[in-house]
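A.B. asks: Here's my sequence, what's the structure:
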Amino acid sequence: MKPEEKAIIPSSLKCNATSKFAVMDAPGVSQPSSSVKANKEGLQGRRAKASSGPKMDAGLKLGGDSFVKRTKDPDWLKQRMDVYQKIQQRRAEELTKKTPVSITVTLPDGKLISEDKQGNSLQAWKTSPYDVAVTISQGLADAATVARVTYESYCDDYSPAEDGMEGEDMLSDAMADAGLEKSDSDKTFLWDMTRPLVGQVAKLEFLKFETDQDAKTVFWHSSAHMMGEALEHLYGCKLTIGPPLAGGFYYDSYMGTDAFREEDYKPVEEEVNKIVKQKQQFERMVITKEEGLELFADNPFKQSILKTKVPDNGRTTVYRCGDLIDLCRGPHVVHTGKIKAFAATRHSATNWLGNTDNDTLQRMYGISFPDKKMLKVWQENQEKVGDGFILFVATLAMRIQRNLIHGLHYDRKHSSADSSEPCFRNTG
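C.D. replies: Take a look at the predicted model:
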C-alpha cells in the first residue's frame, strides 16, 4: 500500500459485529458483542441457564393477533392503568402495617447522619436517599442519578421476598449479553433516589452520570422505558424487553408483520420530548405473580416472562412512568425530566429470546444524555466515525482491486497454439 493510500483510522474507532450486522464502535457507544447470536436454541442468558426454574417458551409463536395494526393510544393502556391502581391500593394498605424506626446512614467519608436539617430522625420506610442527600446539599440531591446502598442490617419487618427482591432480574440475560453485570450483592444495591430505606445503612453513595458507569446504566435504562412509552402511544406496540447497553439502550417490540422505518424516528423523538417535559415520576411497585398476569393480560410476552421467571405465590416489581407500566427490577432516575436529550439511532429485526423459530420482533435503539451539549458531541463523533469508516472501506476496496490486477497475468505460454483466447494465470 502506498503512503498516500493509507487510511488514517482513529485509535478510538473499532470494528465490531453484532448478531445482525457489523458496526463501528465509537467512544461512549458500545454494541453487543459478536458472541450474541440468534439461533435455534435461543438466548437464555447466564443466569437463566444456571437457574432451577423453567425456561421461557422457545419455538412457539406467542404474538398472534395481539398486534394487528398501528394504533395510537390503544384502549388497553387505560385498562392496564385501572388494574395498576387497584394493586397500588393493596400495597398502600400493606405499608401502613410497617413500623418506622430510627436509622443511621454512613457516608463514604465515614460521616454519620441520623437527622435531617430540621432535627427529625431519619426513619426506615420513610427516609429516602434523596432525603439524605438534601441534608448535605440540594445540589447533590438534584445531581445524583441513583444511590448505591450497602445495608448493615434490615428492619425486623422487612422481607426481600415480600419486597420483590428475590428471584431473577427480568433483564439480567439481556444485560449480561450486552457486557453489563448488575452490581447488587446480598446487602449492596443500586437504589432509587426516592425509594425509602429499609434498615441501618453501612454506606450510602450518590452516583452521577458523568462519573459512574452504574449511573449511566440506570440513566439509559430509564430512557428505554421512556422510548417504550412513546412506542405504545404512537403505534400500540407490544413491548417485550428494553435493556440498557454499555452505551445507550434498545427496546424490542412485537408488531406482527409490520416493522420500523427510518421515518418513525422523528415521531418517536418528538413523543419522548413530550414525556421529558411532563417530568413523569418513576414509581416502583411490588406485584404478585397473579397480579402481574392480570396487569399484562394484553401482552403475551410479559405473561410468558411472569409464568416462567416468577414462582407461584412469588412477587416481583414493576415500574411506572406516565401510563407505561413495565416488569422491571429497577432502579430508575427520579423523573423523566432528567433525560434532557434523546435520539433514536437505528432499528433492526430480531427474534423473541434470540430463537429464529420464535416471533419476529422489531428493535429500536436510542441514546440519551442529561445535557443537550453531550448529545451534540456524541452526534459529531458519530459523523467522524462514519467518515473514518467510509475512508477505511474505500481504501480497502482500492487495495483489493490493485491486488487482483497484479495477480492476474496475461500468459500466452499456456494458451493453445490454435487458440485466439488469452489465458490468465492467478499468481497471487
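A.B. asks: Tell me the helix or strand right after the strand or helix carrying residue 214.
C.D. replies: Assigned by DSSP states H and E, residue 214 falls within helix 213-235. Following helix 213-235 in sequence order, the next helix or strand is strand 238-239 (DSSP H and E).
A.B. asks: Sheet-wise, list the partners of that following strand with their directions.
C.D. replies: strand 248-254 (antiparallel) (DSSP bridges).
A.B. asks: what's the average pLDDT for whatever helix or strand comes next after the partner strand?
C.D. replies: Once the chain leaves strand 248-254, the next helix or strand it forms, by DSSP H and E, is helix 265-278. In this model, helix 265-278 has an average pLDDT of 98.
A.B. asks: Now do the buried residues in stretch 129-146.
C.D. replies: Using 16 or more other Cβ atoms under 10 Å as the test for burial, stretch 129-146 gives 129, 130, 131, 132, 133, 134, 135, 141, 144, 145, 146. To be clear about C-beta, it is placed using only N, CA and C from the backbone, and glycine gets the same treatment.
A.B. asks: what's the distance between it and the middle of its chain?
C.D. replies: Here stretch 129-146 is found 25 Å from its chain centre; the criterion is Cα atoms, centre = their mean, to the nearest Å.
A.B. asks: Give the rounded mean pLDDT of that stretch.
C.D. replies: 97.
A.B. asks: got it, and stretch 368-380?
C.D. replies: Rounded mean pLDDT across stretch 368-380 is 96.
A.B. asks: Give me the residues contacting that stretch.
C.D. replies: Stretch 368-380 is contacted by residues 28-29, 145, 209-210, 219-220, 223, 248-249, 338-343, 367 when judged by Cβ atoms under 8 Å, 6 or more residues apart in numbering.
A.B. asks: And the helices in this structure, which stretches?
C.D. replies: Taking DSSP state H to define them, one finds helices in the chain at 46-50, 76-95, 129-136, 138-143, 172-177, 213-235, 265-278, 289-295, 300-309, 372-407.
A.B. asks: nearest to residue 243, of those helices?
C.D. replies: Residue 243 lies closest to helix 172-177 among the helices of the chain, at 3.9 Å (Cβ to Cβ).
A.B. asks: Out of the contacts of stretch 368-380, which end up buried?
C.D. replies: Buried among the contacts of stretch 368-380 (16+ other Cβ under 10 Å): 28-29, 145, 209, 219-220, 223, 248-249, 338-339, 341-343, 367.
A.B. asks: before we move on, back to that, tell me which of the helices of the chain sits most buried.
C.D. replies: Highest mean neighbour count among the helices of the chain (mean count of other Cβ atoms under 10 Å): helix 213-235, with a mean of 24.
A.B. asks: the inter-axis angle of that helix versus helix 76-95?
C.D. replies: Calculated by axes from the mean of the first three to the mean of the last three Cα atoms, to 10 degrees, helix 213-235 forms an angle of 140 degrees with helix 76-95.
A.B. asks: measure residue 64 to residue 301 for me?
C.D. replies: 11 Å (Cβ to Cβ, to the nearest Å).
A.B. asks: Name the residues of stretch 327-338 that are buried.
C.D. replies: 327, 328, 329, 330, 331, 332, 333, 334, 335, 336, 338.
A.B. asks: any common contacting residues for residue 64 and residue 301?
C.D. replies: Common neighbours of residue 64 and residue 301 are not found (criterion: Cβ under 8 Å, 6+ apart).
A.B. asks: Need the pLDDT of residue 402.
C.D. replies: 70.
A.B. asks: who's in contact with it?
C.D. replies: Taking Cβ under 8 Å, 6+ apart as the definition, residue 402 has no contacts.
A.B. asks: What distance do you get for it to residue 69?
C.D. replies: Distance, residue 402 to residue 69, using Cβ to Cβ: 52 Å.
A.B. asks: Not counting sequence-adjacent ones, nearest residue to residue 79?
C.D. replies: Leaving aside its sequence neighbours, residue 79 sits nearest to residue 298 (Cβ to Cβ, 6 or more residues apart in numbering; 7.3 Å).
A.B. asks: no, scratch that, I was asking about residue 144
C.D. replies: For residue 144, ignoring the flanking residues on the chain, the nearest one in space by Cβ to Cβ, 6+ apart is residue 206 at 3.9 Å.
A.B. asks: Who is the one you found paired with across the strands?
C.D. replies: When assigned by DSSP bridges, residue 206 has beta-bridge partners residue 147.
A.B. asks: Name all residues that make contact with residue 131.
C.D. replies: Going by Cβ under 8 Å, 6+ apart, residue 131 touches 116, 122.
A.B. asks: rewinding a little: just give me the neighbour total for the residue nearest to residue 79.
C.D. replies: 17 (other Cβ atoms under 10 Å).
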